[in-house]
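Undergrad: next comes the sequence, and after it the predicted model I'd like to discuss.
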Amino acid sequence: MFLSGVNGHADEPAQRSAHVIVCGNEKGGSGKSTTAMHIAVALLRSGYSVATVDLDGRQLSLTHYIDNRKRWARQARIELPAPSHFHVPPANRDTVADMESEEFRQLTEGLTEIQHNHDFVVIDTPGSDTFLNRMAHRIADTLVTPMNDSFVDFDVLAKIDPISHEILDLSQYASAVRDARRQRRQTDSSILDWIVVRNRMASISSRNEQKIDACLRNLSIQLGFRLADGISERVVFREFFPIGLTALDDFEEHILGTKPTLSHLAARQEIRQLIGALRLPTDEVGRKRAALRKRYAEAISRPIALPDIFVN
Ligand SMILES: Nc1ncnc2c1ncn2[C@@H]1O[C@H](COP(=O)(O)OP(=O)(O)OP(=O)(O)O)[C@@H](O)[C@H]1O
Ligand SMILES: [Mg+2]
């Protein structure tokens, strides 16, 4: 993470630290907070130090999820690893500029404190285009975009022809990600790895879903994102929230508060697949891949060197 990237000063000394994962999608209710919590717990359970940031200062879903987890651990007398966490509350100022600058100050102060003593920072964002949301996208190393399995949600990425399903135009969110990517590359030569994951998939695949899948595959090439295997619609995901659990926690009856089911195990399997698909720098291969991405970004932003003979 580079705070110089947030400030936009490319000449500031860069200091490498925590890997930043942002869960983002301007569409509300697509599963950002649920995904953020699952990624954070997956990394904690793998032994990494993790901090989480809630930029949805109005809803505070991730903040409440973590509070519920701590409360449940106390109540059930169990050990549940929890991330260091902070949220940025909406600033109350007279002008938009003052509001943005206050929220920005709170974000940078919070990040400054956590960036050097955590392996990962997971940021949950609101389902709307806000100043802080854009900042988060600019400092992301990995962007995870969950989207509901419908053409209504597809609209957040691109406009498509209703008959041919041909992609006609990029949507505002896709353009914002493209801009964030460009700025990040200019600031510190890093490449944002963007992963889109279909969420709340129906157990029986319909023709409509097959069309969405085909359109997404087509769009992934144009927009440069990777498509992860989807996550099914499962009641257990909604049941986890009030007790702050995730599909990665132990499924013993005294922890779950209920008997584990096949659905719990299937949910865990899907989340593990998603974590694998993120290709985070958690092992030697992941770290090498991240270093290669950085070298590639540096190479493509450098002007092509011409042999001296052309200069004369
Ligand atoms: N795979 C799933 N199966 C069933 N319910 C799910 C699944 N994923 C998320 N949900 C539920 O959908 C609702 C919205 O999820 P979540 O709050 O994670 O979305 P969000 O993108 O953060 O929403 P917002 O834009 O409002 O912040 C929640 O009630 C959550 O429990
Ligand atoms: Mg949310």
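TA: Everything's here; your move. Ligands and ions are numbered 1, 2, ... in the order given.

Undergrad: how close does Pro90 sit to Arg105?
TA: 13 Å (C-beta to C-beta, to the nearest Å). Heads up, the C-betas are built off the backbone N, CA and C, glycines and all.

Undergrad: now swap in Gln183 and tell me
TA: From Gln183 over to Arg105 (counting by C-beta to C-beta), the distance is 20 Å.

Undergrad: those two: who's more crowded?
TA: Gln183 (17 against 12; other C-beta atoms under 10 Å).

Undergrad: the more buried one sits in which helix or strand?
TA: helix 172-188 (DSSP states H and E).

Undergrad: can I get that helix in CSV, CA atoms only?
TA: The C-alpha coordinates for helix 172-188 follow below in CSV (Å, rounded to 0.1, in the frame of the first residue of the first chain):
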residue,chain,number,x,y,z
GLN,A,172,-19.3,4.4,-14.9
TYR,A,173,-17.9,1.9,-12.4
ALA,A,174,-15.8,0.1,-15.0
SER,A,175,-14.4,3.5,-16.2
ALA,A,176,-13.6,4.5,-12.6
VAL,A,177,-11.7,1.2,-12.1
ARG,A,178,-9.8,1.9,-15.4
ASP,A,179,-8.9,5.4,-14.1
ALA,A,180,-7.8,4.1,-10.7
ARG,A,181,-5.7,1.5,-12.5
ARG,A,182,-4.0,4.1,-14.7
GLN,A,183,-3.3,6.4,-11.8
ARG,A,184,-1.9,3.6,-9.6
ARG,A,185,0.4,2.5,-12.4
GLN,A,186,1.7,6.1,-12.8
THR,A,187,2.1,6.6,-9.1
ASP,A,188,4.1,3.5,-8.1
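
Undergrad: quick one: contacts for the closest residue to ligand 2 within the stretch 1-150 of the chain?
TA: With C-beta to the ion, the shortest gap between the stretch 1-150 of the chain and ligand 2 falls at Ser33, namely 3.4 Å. Listed by C-beta atoms under 8 Å, 6 or more residues apart in numbering, the contact set of Ser33 reads Cys23, Asp56, Gln59, Ser61, Leu62, Tyr65, Asp124.

Undergrad: all strands of the stretch 1-150 of the chain, in order?
TA: 19-23, 50-54, 84-87, 120-124, 142-148 (DSSP state E, counting those that start in this stretch).

Undergrad: what's the closest of the contacts of Ser33 to Thr145?
TA: Cys23 (7.7 Å; C-beta to C-beta).

Undergrad: mind listing the residues bridging to that closest one?
TA: The partner list for Cys23 in beta bridges (DSSP bridges) reads Asp124, Val144.

Undergrad: surely it meets Thr125?
TA: Yes - assessed by C-beta atoms under 8 Å, Cys23 is found in contact with Thr125 at 6.5 Å.

Undergrad: give me the common contacts of those two.
TA: Joint contacts of Cys23 and Thr125 (C-beta under 8 Å, 6+ apart) are Lys32.

Undergrad: nearest residue to the residue of the stretch 51-200 of the chain found nearest ligand 1 in space, please, no chain neighbours.
TA: Nearest residue of the stretch 51-200 of the chain to ligand 1: Gly127, at 2.9 Å (C-beta to the nearest ligand atom). The spatial neighbour of Gly127 that comes closest, neighbours along the chain excluded (C-beta to C-beta, 6 or more residues apart in numbering), is Gly28 at 3.3 Å.

Undergrad: can you tell me how far the one you found is from ligand 1?
TA: Distance, Gly28 to ligand 1, using C-beta to the nearest ligand atom, to the nearest Å: 4 Å.
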